[in-house]
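In: any chance you could fold what I've pasted below:
(one chain, ligands or ions: 1)
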Amino acid sequence: MVGSARKFGTTKGNPVALDDTVRQHKFVLDESQIPTTWYNVIPDLPSPPPPPLHPGTLEPVGPDDLAPLFPMDLILQEVSADRYIDIPGGVLDAYRHWRPSPLFRAHRLEQALGTPARIYYKYEGVSPAGSHKPNTAVPQAYYNAKAGVTKLTTETGAGQWGTALAYACSLYGLECEVWQVGASYDQKPYRRIMMEVFGGTVHRSPSPETASGRAALAQNADHPGSLGIAISEAVEVAAAHPEYRYALGSVLNHVLLHQTVIGEEAILQLRMAGEGGPDLLVGCTGGGSNFGGLSFPFLREKLAGTMNPVIRAVEPASCPSLTRGLYAYDFGDTAGLTPLVKMHTLGHDFIPDPIHAGGLRYHGMAPLISHIYELGLMEAIAIPQIECFNAAILFARSEGIVPAPEPTHAIAAAIREALACKEAGEEKVILTALCGHGHLDLAAYDSFLSGSMRDEDVTDERFAAALDTVPAVSKVG
Ligand SMILES: Cc1ncc(COP(=O)(O)O)c(C=O)c1O
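Out: Now for the predicted structure:
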């Protein structure tokens, strides 16, 4: 299907835009109101998520199994049962460069839609990398530097995470080596340059540098890559060098933990805006970190009975792990180098179509999000990319921010709900995560505006073939 660029992409002729009323658009906290602890949702859940398993023994992995990849401070956070974990001063100081991030009321978007809903967005594009990713890149680099590590390796999809880690490594004097998914590397040359500006070294993945990369290239010399393959490459290099460690930009408990500063700030900011809480919270999910970061503090309030938001994840229709995947033990990477984690997965061999939201092209989902979904504490929907870009164009033309392709999914879902409110005459409060700007993703907008963007239908047969690669343990687990 070819993109229809002007479905609801205009604010022309909207008489309310000429109204002289001056309103509050931004809700801004003082630096002293940055949260000083991260919130760990696990102790508040009715049951803990199933543990990661060692692929050889099928026993739960212990701290020693993870030590070749992560420093002990992060391993302890990964398995922590504490509700709150102190943010170290060296991290808080760095956070102050861009935190607290603003919460916006989308007055002009509401007007363009003619909805009685009140739409708020928490904007993480003000960070040095332009997204939420530095919220975890900074503490990860900090703890690794403290442990004497000399280099961090990582994967990146859209390039946002790689940029964030390269920036964080530059703060603490670490080297940074990044494997960027081939499709994104080709689509987004400026992201590679930005990583290099921060001192990172970037490879197109699959790369000839690693055994996993060479195996993928042997299958297809023009391989578009996937996050699963890029993770295998970065893990392989880190595991082979005692002074290197690996850093992951999503999926793991400690990554979601670091992102909870987003939701903690948003709770204070909604209060400033005079709202009791959101009726609906929507965020996009690749591996689940921006969504978990915004939603977990609200989930805490929901479980405590002080708020009652519907919490809804939005994934791309071409990579729908929550809505069409299997809840099973699977590898986090393609080559099978990581522990087995219980998550919604499309199969670790699944290569998603090269859609523009590179950060959402991951075969799995954070085990914590998967568990919360299974507990029925949240919902999930999948939206095709053309609807997302239609929504993003209207958002840009009314709010003046060009969203990264990933949060266009959250915006599309917020708009769906706002239009339903219009239909029903309901005044819901909708909170969404605008987790990054799209200034380096303009090729995606070009593809949409020129009408060349496509929505590919993923057939059941293709999903079924990928699910066959899920290890047998999962099918009973
Ligand atoms: C701007 C942006 N949003 C969202 C994502 C998806 O990741 P997560 O689900 O962990 O937030 C990415 C990943 O690269 C991203 O760059």
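In: assumed H203 was part of a strand.
Out: Yes: assignment of H203 by DSSP: H, G, I helix; E, B strand; the rest coil places it within a strand.
In: where does the chain come near the ligand, residue by residue?
Out: Residues of the chain found near the ligand (Cβ under 6 Å from any ligand atom) are 131, 157-158, 160-161, 250, 284-291, 359-360, 404, 406-407, 435-436. Where C-beta positions appear, they are placed from N, C-alpha and C, glycine not excepted.
In: ok, now with 5 Å
Out: The interface of the chain toward the ligand, taken as Cβ under 5 Å from any ligand atom, is made up of 131, 157-158, 160-161, 250, 285-290, 359, 404, 406, 435-436.
In: can you flag which of those belong to helices?
Out: Filtering these for membership in helices, criterion DSSP state H, returns Q160, W161, S289, N290.
In: how many residues are close by the last one?
Out: So that's N290. A count of nearby residues for N290, using other Cβ atoms under 10 Å, gives 30.
In: okay, the nearest residue to it once chain neighbours are set aside and A238: tell me how far apart.
Out: In this structure, N290 finds its nearest non-sequential neighbour in C435, 3.9 Å apart by Cβ to Cβ, 6 or more residues apart in numbering. Using Cβ to Cβ, to the nearest Å, we find C435 at a distance of 26 Å from A238.
In: S370 too?
Out: Distance, S370 to A238, using Cβ to Cβ: 25 Å.
In: contacts only, for the closest residue to the ligand within the stretch 301-450 of the chain.
Out: Per Cβ to the nearest ligand atom, G359 is where the stretch 301-450 of the chain lies closest to the ligand, at 2.3 Å. Residues near G359 by Cβ atoms under 8 Å, 6 or more residues apart in numbering: G157, A158, Q160, W161, G286, A404, P405, E406.
In: how about those residues in CSV, adding neighbour count and pLDDT?
Out: What follows is these, written out as CSV (neighbours: other Cβ atoms under 10 Å; pLDDT from 0 to 100):
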residue, neighbour count, pLDDT
G157, 31, 87
A158, 31, 83
Q160, 34, 94
W161, 34, 96
G286, 31, 95
A404, 29, 97
P405, 27, 96
E406, 32, 97
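In: quick check, pLDDT for D186.
Out: We have a pLDDT of 90 for D186.
In: that should have said A366, apologies.
Out: Reading off the model, A366 has pLDDT 97.
In: can you check A17 too?
Out: 63.
In: what is the neighbour count of the closest residue to R83 other than its chain neighbours?
Out: Excluding its sequence neighbours, the residue lying closest to R83 (Cβ to Cβ, 6+ apart) is P43, at 5.1 Å. Using other Cβ under 10 Å, P43 has 11 neighbouring residues.
In: against F296, how distant is P43?
Out: Applying Cβ to Cβ to P43 and F296 gives a distance of 12 Å.
In: can you check I85 too?
Out: Separation of I85 from F296 (Cβ to Cβ) stands at 13 Å.
In: give me every residue that touches G288.
Out: Contacts of G288 (Cβ under 8 Å, 6+ apart): S250, V251, L256, A313, M365, A366, L368, I369.
In: give me the below-cutoff pLDDT ranges for the stretch 51-200 of the chain.
Out: Of all residues in the stretch 51-200 of the chain, none has pLDDT under 70.
In: how far does stretch 421-430 stretch from start to finish?
Out: Distance across stretch 421-430, first residue to last, is 10 Å (Cα to Cα, to the nearest Å).
In: gap between it and the chain center?
Out: In terms of Cα atoms, centre = their mean, to the nearest Å, the centre of stretch 421-430 is found 27 Å from the chain centre.
In: cool, stretch 203-223 as well?
Out: With Cα atoms, centre = their mean, you get 25 Å for stretch 203-223.
In: now stretch 290-310
Out: How far stretch 290-310 lies from its chain's middle: 17 Å, per Cα atoms, centre = their mean.
In: that's a helix at E417, yeah?
Out: Yes: E417: assigned to a helix according to three-state DSSP.
In: wait, what's in contact with the residue nearest to N290?
Out: Here C435 is in contact with E124, G125, S131, H132, G283, C284, N290, A404, E406, P407, A410 (Cβ under 8 Å, 6+ apart).
In: which residue, other than its chain neighbours, is closest to the one residue in the stretch 51-200 of the chain that gets nearest to the ligand?
Out: Taking Cβ to the nearest ligand atom, the ligand has its nearest neighbour within the stretch 51-200 of the chain at Q160, 3.1 Å off. For Q160, ignoring the flanking residues on the chain, the nearest one in space by Cβ to Cβ, 6+ apart is S131 at 4.2 Å.
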